[in-house]
Each structure stands twice: as structure tokens, then as C-alpha cells.
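Student: Here is the input, now give the coordinates:
(2 chains)
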Amino acid sequence: MIVTGDDPFRAVFASHPLPMWLYDRETSTILDVNDAALAHYGCSREEFLRKNAASLALPAVDRRHGTDASTNDGPEFELMSHPVDFDGRPAVFVSVRDVTALRRVEHALARAERDRRRMTVEFEEHVRERTVQLQAAVSELEAFSYSVSHDLRAPLRSIAGFSQALIEDAGDALSADAYDDISRIVAAAQRMDHLINDLLTLSMVSRSGITREPVDISDLANRILAELGDLSMTRAVGMRVQPGMVAQCDPRLVRVVLENLLTNAWKFTSRREQAWIEVGEISRDGGTAFFVRDNGVGFDPTFADKLFGPFQRLHDASEFPGTGIGLATVRRIVQRHGGRVWAESRLGQGACFYFTLQS
Amino acid sequence: MYQILLVEDNADDVELTLRAFRKSDLLNTVTVVRDGVEALDYLLATGEYAERDANALPDLVLLDIKLPRVDGLQVLERLRANPRTRLLPVVVLTSSAEPRDLLTCYSLGANSYVRKPIDFKQFSRALQQIGSYWLQTNQAPPIPGTA
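Tutor: Just a heads-up that it's a prediction; the model follows:
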């Protein structure tokens, strides 16, 4: 039965831009079709009405541009059907939906998801590779330090040992000059031993993990100063350590920091009759900065940024011996704690080294 | 007469060690072996030392860590695994004081760990102290099978 006449819904159906039709649920006979459907299938109303509903199911999905849904850029359609009661008889209402945009979005999403997975896999692979490389570099560095620690020292022992043996064996036969020459050889071997030790400490600092615990900074400073005092009994050094200073830090590494700063202070005040070393704390960067101040020879502030580089020395080695690695080690330890280190001085007017142990 | 076994591959270090012992007032004989294999053969009376009396152990072993073929750590491990040498006093005498060497040596049962000083006077003093402590002051462990 074709609905005709003035039914306003019929007019809506007929002129609706979506292709639509109705068929009889039992006989599959087409009951009605709108103009959009005729245009979609490219046939006349009479041709359409002669079709069987079953034969319309598939062609409604347009595959004119190929059958691979993922690469098909052409329009795509989907049949939507649901049962209706059509004037008392069981029928099926069918409409054709244009899903081109939807499919494109779906395909784009699928592509993005595939890309994301591939990139995740690549990224993880990349991280794995880098980790392996990093581990190789670290173990190479460890092997290197280990080898330095063992193999570089052995020849030094021979140099120093046999030089001293020579002094013993030759005894009085050595001239004062020859004796002096040999003493220089021994001293040089010892300097190199210190250099190796300092380099190993620097490398250890870079490799080892940080374990934070409460450390009594005042106690640590007092102990190191007492040790320095024991080493040079002849010197009178005035010192003051602010009591009650505590920090959350790695005790072993922070001991290295204080040892270096206090040994420097001790060394660079050696020409002062009234040497003075002070350890204290101030508020800085929203936290605590510890400082080691002395009234020693100080340094030219122009070179302040050079102080903390390895092998940088601002004083003549014959005047103030040292390896130039101590402050580089200090900086490394402080950095590993998330802190910073800086120094203030004027040549001839003492120096003050500050460090923080938190970011 | 105390018997000392020196396990050391560096000829200079051997010479310096012997020199230091000569200057000490300890009556001693130092036997030198040059690597870990030879050290184990000597102490366990195997290989080229198969003819040796396995019960005649030295009073003290001075053991270097970095050795050709079998290193000092492996020597220590093998000695501690053997009932006859399990308690033998072993002093590790080496160039480095790397934390991991210290840990391994003590874990494996070293009696002492000494870093060889660069300065010969300090080196001599260290060896004299080792000799005097381990050979004179210290009570040696019982010989296995006699206790």
C-alpha cells in the first residue's frame, strides 16, 4: 500500500534528505521509498518497488571506491532498520546513514592508536638500549677506576721505594745534590699518589648513591678540625664552630665536603700569625647554607667560577700544595644532594665557602 | 724461624717486600709465588708442588689481589673452602683500598687488609707491624686435626 495524499508525515518522509524505505516483513515487498533513496540507488521508483528488500541490504553500503574500509576515502553508508507497524501490517523501516565522517574518524583513531603503540614500543626499546649503554659506561668507568686504583699505584711504589732504597744503599756516597734529586723523585711520586686518591674519590662520589640521614654537622666539623690540629701541632689556629648544626645528608660524602673545605682553610691560613677558621650556618635559598670562613690568603674573585672545576688551581703549587680536585669533588657532592656551592673572597682577605644540601 | 708465603706478581713489590723484611728483626723465610695458581698449588700441595708436605703450612700468607691467572680473591675463597687451610692467617696486601675489594676480602674470610703505602719507610713499617703482630703477638689458629 502506497501512502499518498495529504498525510503531512508522508511529505516529511518523501522529502527527507536521508534515503529511506519500508518493506513488508513477511513478503519483503517494498512498500514505499523516498526520493533520496532513489537518488542513492540511481533507479526509478518503479524499478525500486520491483526490488526485493533482501537485495537492497548490501548495495546500500557503497563500496564504489574499493572494499578495504581502512583505505577507502569514498563515502560509506550503513543500513539502519527497525520493525514498525505500518498501517496494521508488520513492516521494516530502513534508512541509509552516511557514516563516511564517522569511519574517517574511526580510521584516524585506529591509526593514531597504532602509531601510539608503535611509538611506545620504540620508546621502550630506546630506553632499554640507552640503559644498557649507560650500564656499560658505568661498569667501564668502574673497571677503569678499579684498574687505576690498583695498577697506577704499583709503579709509584717502585719509583718511591727504590729511590729511598738508593738513598739507603748509597748512603754517604751521595752528594747533597744527588740526595736532593732523589728526594724530589720521592715527593713527586707521593704527589701523584695523592692525585690518584683524589681522582678516585671524585669518581666514587659520582658513582655512589646518596643515603640521607640526620648528620651532626657541628660535631663533624669539630672532629675534622681536631684531626687537622693533630697533624700540625706547631700551628695555633683560632676556630669557632657554631653548635647544634644538623643536616639531612649522606654522612660519608658530607664528611668529604667538610674535610676538603676545612683542609683548604687550614692550608690557606698557614701564613697567618693569627689564623682563624669559622664554621656556621645562615639562611639562604629558603633553607640553610653552611659556611666555612677563614682569614687566609683568599683568592681573586675574578676567578671564582674557576675554583670548582677539576684541576683548577689559583695558587702556586710550591706555595700551597694541592691537586686541584678537592673543590670539584665538593661541588659534585653538593650537586648530588641537590644543593649548590659558592665562594666569596678578596685577594689577601680570607675566603668564605658556602654550600647547601637541599634543592 | 717463621715461614711467610708472599703471593705477588710484581717483581718490584717482591723486592721491596723482601727488603723490608730483611730490615726487620724477625727471623723469617719468605717464599714467593707469582700467581694464584702457584699459590694454591703451593698451599694445597698440588700441581708443581705435589711433592710438598701439605701439612707444612706457612705461618702467614701475604696475598695480593690482582694476580695473573687466578686472582687473590679466588685464592682466598679456595683456601677458606679447604679444611686444611680454612684458618690459615691471610693478610691481603694490595695497592688499592677499593670499598668493594675490602668487602669481598673480609666476606671471604681475610684476617686483615693492608693497603701498601707508596712511601717506602711507611711500607717497611707496615710490613714490620704485620710480621710482628701476626707472627709474635697473635696466637696462631690450631693446626687442623690436632685440636
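Student: how far does stretch A:78-97 stretch from start to finish?
Tutor: For stretch A:78-97, the first-to-last residue distance is 5 Å (CA to CA, to the nearest Å).
Student: how about that stretch: buried residues?
Tutor: Neighbour counts over stretch A:78-97 (16 or more other CB atoms under 10 Å in any protein chain shown) mark A:Phe86, A:Ala91, A:Val92, A:Phe93, A:Val94, A:Ser95, A:Val96 as buried. For the C-beta atoms, the positions are set from N, CA and C on the backbone; glycine is no exception.
Student: just stretch B:42-54 next, same as before
Tutor: By neighbour count with 16+ other CB under 10 Å, stretch B:42-54 contains the buried residues B:Tyr42, B:Leu43, B:Leu44, B:Ala45, B:Tyr49.
Student: Distance across it, terminal residue to terminal residue?
Tutor: Using CA to CA, the two ends of stretch B:42-54 sit 8 Å apart.
Student: average pLDDT across it?
Tutor: For stretch B:42-54, mean pLDDT rounds to 91.
Student: can you check stretch A:195-207 too?
Tutor: Mean per-residue pLDDT for stretch A:195-207: 81.
Student: Sort out which residues of it are buried, please.
Tutor: By 16+ other CB under 10 Å, the buried positions in stretch A:195-207 come out as A:Leu195, A:Ile196, A:Asn197, A:Asp198, A:Leu199, A:Leu200, A:Thr201, A:Leu202, A:Ser203, A:Met204, A:Val205.
Student: And that stretch, how far out from the chain middle?
Tutor: Distance of stretch A:195-207 from its chain centroid, counting by CA atoms, centre = their mean, to the nearest Å, is 23 Å.
Student: thinking again about what came up before, what's the closest of the buried residues of stretch B:42-54 to A:Met80?
Tutor: Using CB to CB, B:Leu44 comes nearest to A:Met80 of the buried residues of stretch B:42-54, at 90.1 Å.
Student: Okay, strands next: where are they in the stretch 151-300 of chain A?
Tutor: With DSSP state E, counting those that start in this stretch, the ranges of strands along the stretch 151-300 of chain A come out as A:213-216, A:237-241, A:246-249, A:275-284, A:287-294.
Student: Looking at these, which one is packed in the most?
Tutor: Across the strands of the stretch 151-300 of chain A, averaging neighbours per residue (mean count of other CB atoms under 10 Å in any protein chain shown) puts strand A:287-294 on top, at a mean of 20.
Student: May I have the strands that pair with that strand, each with its orientation?
Tutor: Here strand A:287-294 has these sheet partners by DSSP bridges: strand A:275-284 (antiparallel), strand A:351-356 (antiparallel).
Student: A:Leu18 - nearest residue in space that isn't next to it in sequence?
Tutor: A:Ser95 (5.3 Å; CB to CB, 6 or more residues apart in numbering or on different chains).
Student: Could I get the full set of helices for the chain?
Tutor: Since you didn't name a chain, this refers to chain A. Along chain A, the segments classed as helices by DSSP state H run A:8-15, A:35-41, A:45-50, A:53-56, A:100-147, A:153-170, A:176-207, A:217-231, A:251-268, A:326-336.
Student: ah, no, chain B please
Tutor: So, for chain B - with DSSP H - the helices run B:11-23, B:36-44, B:72-81, B:99-108, B:120-131.
Student: Among those, which comes closest to A:Arg118?
Tutor: helix B:99-108 (41.9 Å).
Student: for the closest one, packing partners?
Tutor: helix B:72-81, strand B:90-94, strand B:112-115 (3 or more CB pairs under 8 Å, 6 or more residues apart in numbering or on different chains; DSSP states H and E).
Student: Looking at those, spot the one closest to chain A.
Tutor: Closest of the helices and strands packed on helix B:99-108 to chain A is strand B:90-94, at 7.1 Å (criterion: CB to the nearest CB).
Student: outside of that closest one, which residues touch it?
Tutor: Applying CB atoms under 8 Å, 6 or more residues apart in numbering or on different chains, the external contacts of strand B:90-94 come out as A:150, B:8, B:17, B:60-66, B:72, B:76, B:79, B:101, B:105, B:109-116, B:130, B:134.
Student: related to what we said a few turns ago, okay, the strands paired with strand A:287-294 in JSON lines with mean pLDDT next?
Tutor: Shown next, in JSON lines, are the strands paired with strand A:287-294 (pLDDT from 0 to 100):
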{"stretch": "strand A:275-284", "mean pLDDT": "91"}
{"stretch": "strand A:351-356", "mean pLDDT": "93"}
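Student: circling back to that earlier point, dump the strands of the stretch 151-300 of chain A to CSV, plus distance to A:His82.
Tutor: Converted to CSV, those look like this (distance: least, CB to CB, whole Å):
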stretch, distance to A:His82
strand A:213-216, 73
strand A:237-241, 89
strand A:246-249, 71
strand A:275-284, 76
strand A:287-294, 71
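Student: what residue ranges in the chain score low on pLDDT?
Tutor: All of this is about chain A. Applying pLDDT under 70 to chain A flags residues A:1-6, A:57-73, A:311, A:313-321.
Student: try chain B instead
Tutor: Residue ranges of chain B with pLDDT under 70: B:145-147.
Student: let's see 80
Tutor: B:25-27, B:143-147 (pLDDT under 80).
Student: And stretch A:166-182, what's buried?
Tutor: A:Leu166, A:Ile167, A:Ile182.
Student: what do you get for stretch B:134-147?
Tutor: Residues B:Trp134, B:Leu135 are the ones in stretch B:134-147 that count as buried (16+ other CB under 10 Å).
Student: Need the residues that contact it.
Tutor: Contacts of stretch B:134-147 (CB under 8 Å, 6+ apart): B:2, B:4, B:26, B:28, B:55, B:57, B:59-60, B:83-84, B:86-89, B:91, B:111-112.
Student: Closest one to chain B out of the buried residues of stretch A:166-182, please.
Tutor: For the buried residues of stretch A:166-182, the closest approach to chain B (CB to the nearest CB) belongs to A:Ile167, at 9.3 Å.
Student: In space, what's closest to that closest one - neighbours in sequence excluded?
Tutor: Of all residues not flanking A:Ile167 in the chain, A:Ile182 sits nearest, at 5.7 Å (CB to CB, 6+ apart).
Student: B:Lys66 touches A:His150, doesn't it?
Tutor: Yes: the criterion here is CB atoms under 8 Å, and B:Lys66 meets it with A:His150 at 4.9 Å.
Student: okay, and the common contacts of these two?
Tutor: Common neighbours of B:Lys66 and A:His150 (CB under 8 Å, 6+ apart) are B:Thr94, B:Ser95.
Student: what's the most buried one of the helices of chain B?
Tutor: When the helices of chain B are scored by mean count of other CB under 10 Å, the highest mean neighbour count falls to helix B:36-44 (a mean of 22).
Student: Now do the contacts for B:Asp41.
Tutor: B:Gly47, B:Glu48, B:Tyr49, B:Ala50.
Student: For it, which non-adjacent residue is spatially closest?
Tutor: Nearest residue to B:Asp41 in three dimensions, chain neighbours excluded: B:Gly47, at 3.7 Å (CB to CB, 6+ apart).
Student: Compute the number of surrounding residues for the residue of the stretch 1-150 of chain A found nearest chain B.
Tutor: Chain B sits closest to A:Ser149 of the stretch 1-150 of chain A, with a gap of 3.7 Å, by CB to the nearest CB. Counted by other CB atoms under 10 Å in any protein chain shown, the residues lying close to A:Ser149 total 23.
Student: and the stretch 1-150 of chain A, which of its residues are near chain B?
Tutor: Proximity of the stretch 1-150 of chain A to chain B (CB under 8 Å from any CB of the partner chain) is limited to residues A:Ser145, A:Tyr146, A:Ser149, A:His150.
Student: By neighbours, which of the residues you listed wins?
Tutor: For the residues of the stretch 1-150 of chain A next to chain B, the largest number of neighbours (other CB under 10 Å) sits with A:Ser149, at 23 neighbours.
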